[in-house]
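**Q** What shape does this take:
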Amino acid sequence: MSQANAIVLYDVPSSVTQPWVPNIWRIRFILNFKRLPYRTVWVELPDVETTLLSIKAPPTSYRSDNRPVYTLPVIVDPLRSRTKPMVLSNASTIAEYLETSYPARPVYPEGSRALQTLFVHYLQDVFVKPLLPILVPLSHQRLPERSQAHTPVNHPPQLSGPQREQAWRAVKEQFDILALTMDKNSGTDGDGVVTMGHEVSYADFSLCSVLIWIERVSPHDGWPRVRSWHEGRWIRLYDRCKEYMDVF
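**A** Residues are numbered from 1 along each chain as shown. Below you'll find the model as predicted:
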């Protein structure tokens, strides 16, 4: 397939050598797992709304005053319509579309879509919250200068000392809860590493997207901590997903 016919994934550039935005990684994992040809278009944050309006991408959400909000990820699929490309926003919407439109190599094993959707909502709404005060300032530092100026953060520039340790303890509590839950898949019910028991799925890709975020923006503090927790469970999950981490 030519580059002109490949799916386009819009992502955010940064100073690190590999992308790190978790919601966008969820989609990249699916594209790689399904072996769908795609290419990445890098868009700095000040240019996101203009760029997405130019390709007629739907808003991700709406503000309280009903003004539209445009965020990444966004994909453009030139092959699913004879009249015009399919343009989609919102990671959950894109994941559903890719699974329905390209059912080979499913990321939702049969009968698991509802439970996996709830699991991903839990990751977004509960699991990652303690990480935000730590990783949002670090992520901001890794944006290009234009994007940093466009999106000032409200958190302290970087937690240090007792504040940082307290924050990581809160993160560890969430990892403890998740480890206890996933341990129920050990033995005859699974390998104890992946969410659905034996094979990687969308839930694993969503969780591994958070691990990538930690690894890329906190490689010398956060990632060594997480690697050491729960007898290396999280690095084993990372390794299971590693073959789907290509960036095109």
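
**Q** For the helix or strand containing V41, buried residues please.
**A** Per DSSP states H and E, V41 falls inside strand 38-42. Judged by neighbour count using 16 or more other CB atoms under 10 Å, the buried positions of strand 38-42 are 38, 40. (C-beta placed from N, C-alpha, C; glycine too.)

**Q** So which residues make contact with that strand?
**A** For strand 38-42, contacts defined as CB atoms under 8 Å, 6 or more residues apart in numbering pick out 3, 6-13, 19, 31, 75, 247-248.

**Q** one more time with 7 Å, if that's ok
**A** If you take CB atoms under 7 Å, 6 or more residues apart in numbering as the criterion, strand 38-42 is touched by 3, 6-11, 13, 31, 247-248.

**Q** Run through the protein and note the low-pLDDT ranges.
**A** For the chain, the stretches flagged by pLDDT under 70 are 1-4, 80-82, 153-157, 188-189.

**Q** domain ranges for it?
**A** The record's domain parsing of the chain by automatic domain parsing lists 3-101, 113-244.

**Q** just the strands in the chain please.
**A** With DSSP state E, the ranges of strands along the chain come out as 7-11, 38-42, 61-62, 68-69, 74-77, 86-89.

**Q** Parallel or antiparallel, which strands does the last one pair with?
**A** Read that as strand 86-89. strand 74-77 (antiparallel) (DSSP bridges).

**Q** Tell me which residues touch N90, please.
**A** Going by CB under 7 Å, 6+ apart, N90 touches T60.

**Q** Now it, what are its backbone angles?
**A** Per-residue torsions, N90: phi 80, psi 120 (degrees, to the nearest 10).

**Q** returning to that earlier point: so for E145, which of the strands of the chain sits nearest?
**A** strand 38-42 (14.9 Å; CB to CB).

**Q** tilt between the closest one and strand 7-11?
**A** Angle of strand 38-42 versus strand 7-11, following axes from the mean of the first three to the mean of the last three CA atoms, to 10 degrees, is 30 degrees.

**Q** gap between strand 38-42 and the chain center?
**A** Averaging C-alpha positions (CA atoms, centre = their mean, to the nearest Å) puts strand 38-42 16 Å from its chain's average.

**Q** Ok, stretch 202-222 next?
**A** 8 Å.

**Q** now stretch 44-62
**A** Taking CA atoms, centre = their mean, the mean C-alpha location of stretch 44-62 is offset from the chain mean by 19 Å.

**Q** same thing with stretch 126-136?
**A** For stretch 126-136, the gap between its own C-alpha mean and the chain's C-alpha mean amounts to 14 Å (CA atoms, centre = their mean).

**Q** cool, and stretch 218-229?
**A** Centre-to-centre, stretch 218-229 and its host chain are 18 Å apart (CA atoms, centre = their mean).

**Q** contacts for that stretch?
**A** Taking CB under 7 Å, 6+ apart as the rule, stretch 218-229 contacts 134-135, 138, 168, 172, 175, 211, 214-215, 234-235.

**Q** can you give me the end-to-end distance of it?
**A** 16 Å (CA to CA, to the nearest Å).

**Q** try stretch 186-202
**A** So stretch 186-202: terminal residues 19 Å apart, CA to CA.

**Q** which outside residues touch that stretch?
**A** Under the criterion CB under 7 Å, 6+ apart, residues 95, 107-109, 112, 116, 119, 182-183, 185, 203-204, 233, 236-237, 240-241 lie in contact with stretch 186-202.

**Q** Comparing the strands of the chain, which comes out most buried?
**A** strand 74-77 (a mean of 23; mean count of other CB atoms under 10 Å).

**Q** what residues does that strand touch?
**A** 7-10, 27, 52, 55, 57, 85-89, 94.

**Q** still on that earlier bit, so which two of the contacts of stretch 218-229 are the farthest from each other?
**A** Pairwise distances across these peak at 20.1 Å for L138 and I235 (criterion: CB to CB).
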